[in-house]
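Visitor: need the 3D shape of this:
(4 chains, ligands or ions: 4)
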Amino acid sequence: MAKLDLVAAINQALAQEMEADERVMLLGEDIGVNGGVFRVTDGLQKRFGPDRVVDSPLSESGIIGTSIGLAMAGMRPVPELQFEGFMGPAYDQIVNQAARCRSRTRGAFTCPLTIRVPVGGGIHAPELHSDSPEVVYVHTPGLKVVMPSRPYDAKGLLISAIRDPDPVIFFEPKRVYRAIKEEVPEESYTLPLGKAQVISEGSDLTMISWGAMVSVCLAALDQMPEEASVELIDLQTLSPLDVETITRSVCKTGRAVVVHEAPKTAGLGAEISSLIQEHCFLSLEAPVQRITGFDTSMPYYKLEKQYLPDEDRIMAGVRDCLAY
Amino acid sequence: MAKLDLVAAINQALAQEMEADERVMLLGEDIGVNGGVFRVTDGLQKRFGPDRVVDSPLSESGIIGTSIGLAMAGMRPVPELQFEGFMGPAYDQIVNQAARCRSRTRGAFTCPLTIRVPVGGGIHAPELHSDSPEVVYVHTPGLKVVMPSRPYDAKGLLISAIRDPDPVIFFEPKRVYRAIKEEVPEESYTLPLGKAQVISEGSDLTMISWGAMVSVCLAALDQMPEEASVELIDLQTLSPLDVETITRSVCKTGRAVVVHEAPKTAGLGAEISSLIQEHCFLSLEAPVQRITGFDTSMPYYKLEKQYLPDEDRIMAGVRDCLAY
Amino acid sequence: MPKEVVYSAQIERLQILGPDGSVDESLAQGTLSDGDVKYLYEQMILCREFDEAAFKLQRSGRMGTFPQNKGQEAATLGAAKALRKGIDYIVPYYRENPAMFLHGLPMHYALLHWMGDERGNAIPANLSMSPICVAIGVQTLHAVGIAWAFKRRKEDRAVICFFGDGATSTGDFHEAMNFASILKVPVVFCCLNNQWAISTPCGHQCASETFAQKALAYGMPTIQADGNDLFAMYKVTNDAMERARAGGGPSFIEAVTYRLGDHTTADDARRYRPAAQLESALKVDPIIRTRKYLEAKNLWDATQQAAAEKKAKGIVHDVIGVAEKMPPQSSDDIFDYMYADLPPELQKQKQTLRTDSIGMDPTQVGLQPPRERDTTRGKPMNAE
Amino acid sequence: MPKEVVYSAQIERLQILGPDGSVDESLAQGTLSDGDVKYLYEQMILCREFDEAAFKLQRSGRMGTFPQNKGQEAATLGAAKALRKGIDYIVPYYRENPAMFLHGLPMHYALLHWMGDERGNAIPANLSMSPICVAIGVQTLHAVGIAWAFKRRKEDRAVICFFGDGATSTGDFHEAMNFASILKVPVVFCCLNNQWAISTPCGHQCASETFAQKALAYGMPTIQADGNDLFAMYKVTNDAMERARAGGGPSFIEAVTYRLGDHTTADDARRYRPAAQLESALKVDPIIRTRKYLEAKNLWDATQQAAAEKKAKGIVHDVIGVAEKMPPQSSDDIFDYMYADLPPELQKQKQTLRTDSIGMDPTQVGLQPPRERDTTRGKPMNAE
Ligand SMILES: Cc1ncc(C[n+]2csc(CCOP(=O)(O)OP(=O)(O)O)c2C)c(N)n1
Ligand SMILES: Cc1ncc(C[n+]2csc(CCOP(=O)(O)OP(=O)(O)O)c2C)c(N)n1
Ligand SMILES: [Mg+2]
Ligand SMILES: [Mg+2]
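Guide: Numbering: from 1, shown residues only, chains lettered A, B, ... in the order given. Ligands and ions are numbered 1, 2, ... in the order given. Next up, the predicted model:
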């Protein structure tokens, strides 16, 4: 089995789905000749032609709006938005159009599209290239939201997303793009949407995270004293949330911390904390801790390290939670 | 003192601020000659002229984007977006530009603008005219978010918002526009942003709500058995949240329900529930209940009554919470 | 060459049927047959009747806000006539019912939509149209996407997208025009310039002399037509559709017409519209013009008129009956169309019609005494 | 009149200084003086040196992504020269450093911005410009708003807004053009058509023959200029600014130029750009052209060139020193500019640099034993 990084795993998933299904097509800024600014679509235009891997004009609303039309008319568009900071211009088409298509037409029209978006901080990028807006889309009924933390998952989840009959936002953590390499089967496979993964078992505390923060959590766990037995959950799908996996774990451990990059207030950590409270109230030994970005704009990159949760902040939060 | 409805109270606030400060100007679709689709700006163009009360073209991003420019250049624009469902096209300018203006320029530029937006369901309006997207803006650092529940508060809060040196989203619950009349002082006054109001004291349970749902909560309270002593908090400002008022109350009562129209998942109720848990963990007798819209698109109006939290759903949630 | 002309353009306006009902025979050649005009005229009467009935439904509290097409019948129907039923595709906004009806949409669907019932958007699968769209401008992009799908699949189909003068101010309109022209997809942009966007006169919506010239920004063929002229509308649309089908890419049409009613039933145009303007517009009502034409050609008389009006009334009456007799949607419908497969949390919400978690989970509902805190669990790492 | 022309337009292209350095004297009349050209040429050398140094900074890991202006110096500086310092206002995108420098921005601000330091955006109050803008198109609306404020306050000032060819595809560009033309505000839209938007050639960005014609959609005066020609750029901008100041409203300029570098330092143009295209573009490098002009007029020689290059190197070296020697921002700065008054929650986050609530509230931090449940509180209403 080949060892692939996230970029290569996603590239492979895209290629295999295009191979398998004529209806699948890609569009976005600079994804064709240039293979995308992160090279995720490298080689695909050459292989599938400029009609199926389309360099679009600089119009995010246009990319998503035309994708909706394509999807309504039976295609399976996989648009890319170049950075999460440029989802803004497409927000209306995503939230007010794509997400509502099925329900407002009572199923007469559906909107099977998969919006790929590089997300998150940590790569010393310019402004609006390092945000974590996932909760906005989790709050939007009608969408599914996926964010893998590693290559193997990414491939299987992306293939599932493309085949899903409803609109999916597929966030790709930039910081992981080249950071993790692992064995990824050559053949096509799917992983179910809506399922979280317990990536390390434990009995004292449940740590919940997703995307690039999963690796940071793992690094923090490595530093944890032996006595502390932490269960780490990688959500993988942010909407719908896998409430069962989360709450089963926390009802067992009695303590939980959520780690994410986005600002704390009304971040996805709030939903998870609330769900845990609602479902595990009598088992909770301490308040659910949220270890998150601050309630500030994402700073320019000189200060992004201070902004992003790191091992120390995670350790401190876990320690206090365990000691509560 | 005159009895004013919400529309009249807001109209008065706008007129007084325009009178008091040359820099204040209004812009939006149909706000001038027509006085706005809800008549909130009625008579203002006649009084202050078409250069200060400006009928804009049909461009929400344009309305907010030019307002940002006006604000950067020292004006105090008060743009109106016709319905919350049409904030979508302006999302990028609001979230990625207005909200970051001060921080990305280290204070060299500020963005004092007040975006007025009719919000929420319950008035039998067409699609995209009945949503409750407030949490999206609460999650956005750099913005303030206000939603009054009644005329007196609306006037004082709007005047504060217009004078605030930072961007404020001022949500006006449509369902309240003509529903509540109360005495509103003729003279100009302000109410502080960031302060919640305890509108009825109680000892057994804290109910937290805002906007049009406050009246529904009050109606539910009227039906509550005498023995149940419920404290009702009207948030008024949604960002920044008045954590102290909320948590002081819940640490006293030990139980809390949050009521809002927006979908449950990652709604503002999640943040409030999490905050309560974090600050009142040892006093909590029951999980914080969220009584909210469903995790569905806002249905067309034939089913909106089923969607919106009503007295029965509130009563049931409160009863279960008290009995826990 | 220090100074040279790098671009020049001209835009034409077409009128075939004059306000007095007289027709330019040479231009009319090969457009609408007598039968076509009669048929479309009957449709106009039907749609006008529908509008009046809808107005009354709203006023009597039996329907929500409704936007009448009144005054735009020739523009809508003339354009729609140029489409092949079930093949070419209509992407409407909210005011173009007549086009949807002409292409097979059961009329009660439009009522359902404005009665706050999503079933009005459940376009039958055999029809070639998308549902009413309330958000201004967004559908122009969908139209481009649909046309793109046709092009990709090499289907012999073209799309027409309707929108108002106000819609041209939106960013989405611009992006749609740009995408369409780059991709050369088979779509026709039909701008119904009815002079007003709610209270905003078209002269305040933009500073350009015409709406037709907006297409020049995209190098797109464009024309202005008298929108109250069935013949002109048919002809310019037919030309544009044929160009689209032949691989010639998108076109733009500005149909200059007039909104005879209020913006919607929630609006009162007397607040902003000069009475004189409405009065002169009433004189060029497309229905009157078309009738003049038919009468001048001896294709129509008072008896036929009475019969057509009676027939229209009957149809509309029945349609209202159908809409009002629909069994009400159940609250299940709020949930059942959110996803192909309803996620577990939504299933719970659907079953309980509650969101408060105690109420949702029967094992929790205050029936069980609070459990004792479990103190046997693994000790925190920094406990003494 | 069944068929009539309702609109026609022509767009001119202006070139004053040819690629060989020869000038059309009659057109050059009243534009740039010899002194102006010399001064601007020195600025060009300085900016080119700045670009090269920035490139090296990035390559050696001392700076993040950087977009060079390289190749666009004549367009930027020619346009900027038409502004009155401290009066007229510059709204740049991210590639127009030379205009900002010309109007007083200390050069290290631009470095700070790309070094990931917001202080690069803290434009000194006496300058008349907004900071670098990374999101494409958004600033065109801000420019209109700023111009609107000038108009409302009857200030004798006009705004120039810079953006690329790619930006014309955004909805915001469209809305800005529309607002500006309706409001007749004093703003000049200066489109730097450098042929590429990252890897997208301008011919794929839109289907129109020119970018200049985009302005026709708004009834806005428009012209195309040779963007590598200082004189033409100065002239068209000056005309447009004067029109703006005189109350004549907005104008559009398409400056046809060429991006000689990669899109940014994160890009590798060899992946998509034909080598031959770059080669021929290098031949019309505006710096070479301007130097030819100066030399032909005996205003410039090799000695001056060497001196100017040396001076530029010195300045840029010092500027880098200033940027790199800035004391680092503290993490307080993440918080201190979010609001005029920091809300209580943010104060806590700032003080503790934590978001987990136990850690933030010293009274909670695992120091207190869990309180007993308080059972004395008011009984629930439906308890037995
Ligand atoms: C994005 C958006 N903004 C605002 C509105 C509110 N609105 C509904 S109709 C309308 C005017 C539309 O005018 P036009 O496009 O000319 O169409 P007409 O109604 O005249 O047929 C407005 C502003 C909307 N529906 N969508
Ligand atoms: C809204 C938005 N979408 C995408 C990007 C990513 N991006 C940065 S520069 C660029 C190309 C811009 O091209 P152009 O406007 O021609 O300016 P140039 O870089 O050529 O000067 C793109 C797509 C962005 N910054 N903003
Ligand atoms: Mg109109
Ligand atoms: Mg460019």
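Visitor: stretch A:232-246 and chain B, are they touching?
Guide: Yes - applying Cβ under 8 Å from any Cβ of the partner chain, one finds stretch A:232-246 touching chain B at A:239, A:241. C-beta coordinates here come from the backbone N, C-alpha and C atoms, glycine included.
Visitor: just the pLDDT at C:Tyr376, thanks.
Guide: No Tyr there; residue C:376 is Thr. The per-residue pLDDT reported for C:Thr376 equals 42.
Visitor: same deal with the one 5 residues further on?
Guide: On pLDDT, C:Met381 comes in at 36.
Visitor: could you tell me which ranges of chain C sit under the pLDDT cut-off?
Guide: C:1, C:361-384 (pLDDT under 70).
Visitor: switch to 50 and redo it
Guide: C:365-384 (pLDDT under 50).
Visitor: output the longest strand belonging to chain A.
Guide: Secondary structure assigned by DSSP state E gives strand A:256-263 as the longest strand of chain A.
Visitor: adjacent strands (with direction) for it?
Guide: strand A:205-209 (parallel), strand A:289-293 (parallel) (DSSP bridges).
Visitor: next secondary structure element downstream of the last one?
Guide: Tracing the chain C-terminally past strand A:289-293 and defining elements by DSSP states H and E, one meets helix A:304-307 next.
Visitor: now that next one, how far from the chain's geometric center?
Guide: Remark: helix A:304-307 is offset 20 Å from the chain centroid, using Cα atoms, centre = their mean, to the nearest Å.
Visitor: can you tell me the element A:Val221 falls in?
Guide: Careful, residue A:221 is Leu; it's not Val. Going by DSSP H and E, A:Leu221 is part of helix A:213-223.
Visitor: hmm, that helix in reach of chain C?
Guide: No - using Cβ under 8 Å from any Cβ, helix A:213-223 stays clear of chain C, with a minimum separation of 11.7 Å.
Visitor: okay, buried residues for that helix please.
Guide: Across helix A:213-223, burial judged by 16 or more other Cβ atoms under 10 Å in any protein chain shown covers A:213-218, A:220-221.
Visitor: out of these, which is nearest to ligand 2?
Guide: Checking the buried residues of helix A:213-223 against ligand 2 by Cβ to the nearest ligand atom gives A:Met213 as the nearest, at 24.7 Å.
Visitor: quick one: contacts for that closest one?
Guide: By Cβ atoms under 8 Å, 6 or more residues apart in numbering or on different chains, the contact set of A:Met213 is A:149, A:259-261, A:309.
Visitor: what distance do you get for C:Lys311 to B:Met72?
Guide: 61 Å (Cβ to Cβ, to the nearest Å).
Visitor: which of the two has more neighbours?
Guide: B:Met72 (24 against 14; other Cβ atoms under 10 Å in any protein chain shown).
Visitor: next, C:Ala125: secondary structure please.
Guide: Under DSSP: H, G, I helix; E, B strand; the rest coil, C:Ala125 falls in the coil class.
Visitor: just to check, it is in contact with A:Thr105?
Guide: No - with contact defined as Cβ atoms under 8 Å, C:Ala125 does not reach A:Thr105; the gap is 11.2 Å.
Visitor: which of the two has more neighbours?
Guide: Just comparing C:Ala125 and A:Thr105: by other Cβ under 10 Å the higher neighbour count belongs to A:Thr105, 21 against 7.
Visitor: ok, now which ones touch residue 127?
Guide: Reading this off chain A. A:85, A:298, A:300, B:100, B:104, D:134.
Visitor: can you look at chain C instead?
Guide: With Cβ under 8 Å, 6+ apart, C:Leu127 has these contacts: C:86, C:103-105.
Visitor: from A:Ala270, how far off is it?
Guide: Counting by Cβ to Cβ - C:Leu127 and A:Ala270 are separated by 44 Å.
Visitor: same check, this time on A:Ala9
Guide: 31 Å.
Visitor: how about the closest residue to ligand 1 within chain C, phi and psi?
Guide: Residue of chain C nearest ligand 1, by Cβ to the nearest ligand atom: C:Gly164 (2.2 Å). Main-chain torsions, C:Gly164, degrees, to the nearest 10: phi -90, psi 180.
Visitor: show me what it is bridged to.
Guide: Here C:Gly164, judged by DSSP bridges, has bridge partners C:Leu192.
Visitor: neighbours around it, how many?
Guide: C:Gly164: 28 neighbours (other Cβ under 10 Å).
Visitor: hmm, back to that, who wins on neighbours among the contacts of A:Met213?
Guide: Top of the contacts of A:Met213 by neighbour count (other Cβ under 10 Å): A:His260, with 30 neighbours.
Visitor: in this structure that residue contacts A:Glu271, no?
Guide: No - counting by Cβ under 8 Å, A:His260 does not reach A:Glu271; the two are 10.7 Å apart.
Visitor: one step back: surely the residue of chain C closest to ligand 1 meets C:Pro92?
Guide: No - contact between C:Gly164 and C:Pro92 fails when scored by Cβ under 8 Å: they sit 11.1 Å apart.
Visitor: could you list the alpha-carbon positions for stretch A:124-138 in CSV?
Guide: Only the C-alpha atoms of stretch A:124-138 are listed here, as CSV (Å, rounded to 0.1, in the frame of the first residue of the first chain):
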residue,chain,number,x,y,z
HIS,A,124,1.7,31.2,7.9
ALA,A,125,-0.8,32.3,5.3
PRO,A,126,-2.1,35.8,4.7
GLU,A,127,-5.3,37.2,6.2
LEU,A,128,-8.6,35.3,5.4
HIS,A,129,-6.5,32.2,4.7
SER,A,130,-6.6,30.7,8.2
ASP,A,131,-10.1,30.8,9.5
SER,A,132,-12.3,28.0,10.9
PRO,A,133,-15.9,28.8,10.0
GLU,A,134,-17.3,25.2,10.3
VAL,A,135,-19.9,25.9,12.9
VAL,A,136,-21.7,28.3,10.6
TYR,A,137,-22.4,25.4,8.3
VAL,A,138,-23.1,22.9,11.1
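Visitor: report the distance from that stretch to the chain centre.
Guide: With Cα atoms, centre = their mean, you get 11 Å for stretch A:124-138.
Visitor: then stretch A:49-65?
Guide: 22 Å.
Visitor: do it and ligand 1 meet at all?
Guide: No - Stretch A:49-65 lies out of reach of ligand 1 by Cβ under 6 Å from any ligand atom, never closer than 11.5 Å.
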